[in-house]
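Q: Sequence and predicted structure are below.
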Amino acid sequence: MSRTSRSVTSTLAAILAVAVVASGCGGSAVTPGPTLAPSPSPKPSAIASSASSASPSASASPTPGIDIGLPHVDAALEDLLPGTIGEIPLEKFSEPLSTLVANSQGGEKILYAPWLVEFGATPDAVDVAIAVDFTSRINFHADAIRVPGATAETLSAGFAAVATKAGWPVKKVSFAYKPVLEITDPTAAAKGLLGVGYVYAKDDVLYIVVTDDASLLLEAMIKLP
């Protein structure tokens, strides 16, 4: 498994901070249309500000398809994530899960490591792919974490167990006929970030979607494998 240099990944700290909620997922079982309200006054600028720090040459609204220096340690994993949401192109990148954890502003530090113990893995040995809107037109990002040898059932059950043990609210919901875990990260919510995410597993990949828009959530769940 290849690894991008620390100098490149360190520039993504702010981007990865957005993915913090990805570990604490949750929202409410909704029908398309109403806006979710996972946390008070979520900061829509979080994604946009992270985009400008991703690369010295990147503007606040990078053109999709243009290389802005994002790492791609697992292109196949990135391909599992949607390329557009709400007709807005998403940028994709991938890197070690440990990098996301190191730059997190939320609860990854207390969830991912114990979750992976069951599978004999560590955040440094597992990659995460991220799809995100850098333009701040929407509050949205989706993560995909592959754990070789795991099953969808064990990935979801293990993640829910770790979140519950940490005192995070966990609820079973359904979107696009997919069984989804709605998990709230109080750490992120307390910082004004989107504190609710949605966890879904397929085969050996755990998907985490974070958004405050019910229609985007439904679209993402339809597009995921």
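A: Perfect, I can see it now.
Q: in this protein, what secondary structure element scores lowest on mean pLDDT?
A: None of the helices or strands of the chain scores lower by mean pLDDT, DSSP states H and E than helix 45-54, at a mean of 28.
Q: Would you map the helices across the protein?
A: Counting by DSSP state H, one finds helices in the chain at the ranges 6-9, 13-18, 20-23, 45-54, 75-78, 97-102, 108-117, 152-165, 186-190, 214-223.
Q: got the contact list for Gly158?
A: When the contact criterion is Cβ atoms under 8 Å, 6 or more residues apart in numbering, the partners of Gly158 are Trp115, Glu118, Phe119. (Glycine included, C-beta is placed from N, CA and C.)
Q: From what I see, the last one and Arg146 are in contact.
A: No. Judged on Cβ atoms under 8 Å, Phe119 makes no contact with Arg146 at a distance of 10.9 Å.
Q: overlap in contacts of the two?
A: Among the neighbours of Phe119, none is also in contact with Arg146 (Cβ under 8 Å, 6+ apart).
Q: any low-confidence regions in the chain?
A: Within the chain, the ranges that satisfy pLDDT under 70 run 1-68, 105-108, 189.
Q: and with 50 instead?
A: In the prediction, the chain carries residues with pLDDT under 50 at positions 1-66.
Q: May I see the buried residues of stretch 123-133?
A: Going by neighbour count (16 or more other Cβ atoms under 10 Å), the buried part of stretch 123-133 is Pro123, Asp124, Val126, Asp127, Val128, Ala129, Ile130, Ala131, Val132, Asp133.
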